[in-house]
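*Asks:* Predicted model and sequence follow; I will ask about them next.
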Amino acid sequence: MDLNFNKNEDYNKLLVSDLKRRLVKVSLGGGKNRIEKLHSKGKMTARERIDFLLDAKADAIEIAAFAGEDMYQEHGGCPSGGVVVKIGYIQGKQCVVVANDATVKAGAWFPITGKKNLRAQEIAIENKLPIIYLVDSAGVYLPMQDEIFPDKEHFGRIFRNNAIMSSMGITQIAAVMGSCVAGGAYLPIMSDESIIVDKTGSIFLAGSYLVKAAIGESIDNETLGGATTHCEISGVTDYKAKDDQDALNTIKNIVGKIGDYDKAGFNRIEPQKPAENPEELFGIIPKSRADQYDMYEVIKRLVDNSEFDEYKAGYGQTLITCYARIDGWAVGIVANQRKLVKTKKGEMQFGGVIYNDSADKATRFIANCNQKKIPLVFLQDVTGFMVGSKSEHSGIIKDGAKMVNAVSNSVVPKFTIIIGNSYGAGNYAMCGKAYDPRLIVSWPSAELAVMSGNSAAKVLLQIEKASLEKSGEKITPEKEAELFNKIKDRYDNQVSPYYAAARIWTDGIINPLDTRTWISMGVEAANHAPIEKAFNLGVLQV
């Protein structure tokens with residue numbers, strides 16, 4: 001190992017250490033005091049409920065753990081979006097679990113809470129996975145109601161999705177373990193089966209205070225909408241549980257009796273670990289995003305037995321296309337080569353840039369994977385498409401459009417791992433969030449933006465300088481440097497993987513060593529949903 005490898009290793013391990021520290025902070029939700037207050041009421045936290053429900057020692061992945069990170073500070077913040085979402089196993093069956101975090105504003109819904117809940121439902125719908133709701137929420141966060149209530153992708157979409165999933169035969173089970181008020185009361189009742197915890201769970205369209213104000217009736221909340229009322233009088237709920245654990249055990253018993261599912265038929269054999277040491281990923285990925293490295297070395301540390309069959313190896317070399325296995329699952333990999341490559345014509349091509357030939361190759365490979373019913377994995381480290389007169393005259397826009405068309409129309413499940421740069425149209429062509437990857441995550445080394453911080457800062461600096469000079473201000477070299485650094489600092493904050501994860505542009509930031517688990521669980525989830533649509537590229541300019 002050379003000195004540069006060791007420097008990279010130290011840097012990337014520090015990034016993972018920071019990731020773990022941030023995850024520990026997020027796991028505390030609204031803080032230790034609120035957790036203790038919840039425990040004093042005999043209730044478990046959202047994460048404790050999920051941990052009790054999921055099979056011990058089985059893999060689980062958390063979706064959008066950093067949702068809401070550094071957002072809504074004027075409202076006290078919203079750690080993890082006030083809701084915990086995991087994909088895991090209950091009685092051996094893969095499920096999505098959604099749990100309101102009552103330590104964050106009593107589980108109230110911020111705009112990001114709605115987005116995260118919709119993402120959980122989207123995953124369940126795409127993959128036809130059972131979904132479990134652990135309800136403990138005060139409803140919409142009223143100071144921000146205009147950003148969560150009326151639009152298409154707002155609060156009401158949740159109940160629309162409940163109905164759609166029911167018609168699709170996707171199992172939905174809800175346990176009311178705390179408050180469930182106003183419009184939110186429809187969620188458990190639109191689920192297939194509902195459980196309510198005695199004395200702590202309640203369901204009503206309006207609480208006792210609002211009932212008194214609206215119609216003058218005096219009634220306590222337990223009589224109005226407690227477990228006895230809804231299990232013995234209204235018939236709204238199906239099971240009464242004595243406490244949180246009893247409710248969760250009821251869910252386990254129900255899920256344990258669900259029949260088998262129709263499979264998509266993705267190919268899997270006995271898994272093998274990579275022959276090359278995955279720990280070496282930390283030394284391979286460079287500290288500087290501008291530095292180059294060999295993506296083949298990354299692939300070898302992600303795939304079974306470090307073996308892959310490369311498609312069109314000598315053509316379009318700034319993109320690697322290959323067949324491999326990850327945890328036994330057959331996959332097709334499309335990866336940006338980050339090393340300077342030399343073509344057969346003796347021309348040099350920059351790593352991380354998509355050229356005409358590489359776009360053409362990727363289009364053909366994606367079509368092949370769709371024909372063979374092989375899931376696609378995109379390993380992103382892309383600065384964009386090649387620019388300049390030579391590329392434009394060669395039709396780079398046309399070739400890029402072909403690739404985007406293939407990614408858009410792909411019917412096999414797609415999974416995107418953002419390793420490094422994810423800039424501009426390269427993000428789109430390599431299956432960014434807008435192109436419906438089943439799961440999209442980034443490593444701590446990732447950056448997502450229209451362009452790099454340096455490039456963007458230079459462009460924005462020219463605009464800022466022109467504006468100031470127009471108003472009569474003289475720009476000294478010192479003033480120009482100050483402006484540049486100020487702009488770059490602001491832009492660098494926006495390209496951070498945490499900025500993207502906070503807004504659910506990605507499903508999370510992961511330790512590179514967990515990549516195989518995410519892809520394997522993602523393909524397993526996708527295997528629940530048989531492909532019902534034929535692959536069709538539509539109209540292409542060839």
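*Replies:* Right, received. Where do you want to start?
*Asks:* List the buried residues of the helix or strand containing residue 462.
*Replies:* Using DSSP states H and E, residue 462 falls within helix 453-470. Within helix 453-470, the residues that count as buried by 16 or more other Cβ atoms under 10 Å are 453, 456-457, 460-461, 464-465. In this view, the C-beta of every residue, glycine as well, is placed from N, C-alpha and C.
*Asks:* which residues touch it?
*Replies:* Outside helix 453-470, the residues within contact range by Cβ atoms under 8 Å, 6 or more residues apart in numbering are 447, 449-451, 475, 480, 483-484, 487-488, 491-492, 495.
*Asks:* Narrow these to those in strands?
*Replies:* Secondary structure from DSSP state E places 447, 449 of these in strands.
*Asks:* Give me the lowest-pLDDT entry from the contacts of helix 453-470.
*Replies:* Least confident entry in the contacts of helix 453-470, by pLDDT: residue 451, with 71.
*Asks:* my guess is it meets residue 423, correct?
*Replies:* Yes: contact criterion Cβ atoms under 8 Å: residue 451 and residue 423 qualify, at 5.5 Å.
*Asks:* Tell me the buried residues in the host helix or strand of residue 187?
*Replies:* Using DSSP H and E, residue 187 sits in helix 186-190. When neighbours are counted by 16+ other Cβ under 10 Å, the buried residues of helix 186-190 are found to be 186-190.
*Asks:* Do you have the helices of the stretch 251-400 of the chain handy? List them.
*Replies:* 281-284, 295-300, 356-372, 389-393, 396-409 (DSSP state H, counting those that start in this stretch).
*Asks:* Looking at those, spot the one closest to residue 206.
*Replies:* Nearest of the helices of the stretch 251-400 of the chain to residue 206, taken as Cβ to Cβ: helix 396-409 at 45.2 Å.
*Asks:* now the strands: where do they sit in the stretch 101-250 of the chain?
*Replies:* Remark: strands assigned in the stretch 101-250 of the chain by DSSP state E, counting those that start in this stretch are 131-137, 172-181, 193-197, 202-204, 239-241.
*Asks:* which one of those is the most hemmed in?
*Replies:* Using mean count of other Cβ atoms under 10 Å, the stretch among the strands of the stretch 101-250 of the chain with the largest mean neighbour count is strand 131-137, at a mean of 28.
*Asks:* about what we covered before: okay, who's weakest in the buried residues of helix 186-190 by pLDDT?
*Replies:* residue 186 (82).
*Asks:* any idea how far it is from residue 203?
*Replies:* Separation of residue 186 from residue 203 (Cβ to Cβ, to the nearest Å): 10 Å.
*Asks:* before we move on, the earlier item: kindly reformat the strands of the stretch 101-250 of the chain as JSON lines containing distance to residue 159 and mean pLDDT.
*Replies:* Converted to JSON lines, the strands of the stretch 101-250 of the chain look like this (distance: least, Cβ to Cβ, whole Å; pLDDT from 0 to 100):
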{"stretch": "strand 131-137", "distance to residue 159": "12", "mean pLDDT": "96"}
{"stretch": "strand 172-181", "distance to residue 159": "11", "mean pLDDT": "94"}
{"stretch": "strand 193-197", "distance to residue 159": "14", "mean pLDDT": "96"}
{"stretch": "strand 202-204", "distance to residue 159": "14", "mean pLDDT": "91"}
{"stretch": "strand 239-241", "distance to residue 159": "21", "mean pLDDT": "97"}
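*Asks:* can you list the ones you listed in CSV and add distance to residue 336?
*Replies:* Shown next, in CSV, are the strands of the stretch 101-250 of the chain (distance: least, Cβ to Cβ, whole Å):
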stretch, distance to residue 336
strand 131-137, 34
strand 172-181, 39
strand 193-197, 46
strand 202-204, 50
strand 239-241, 51
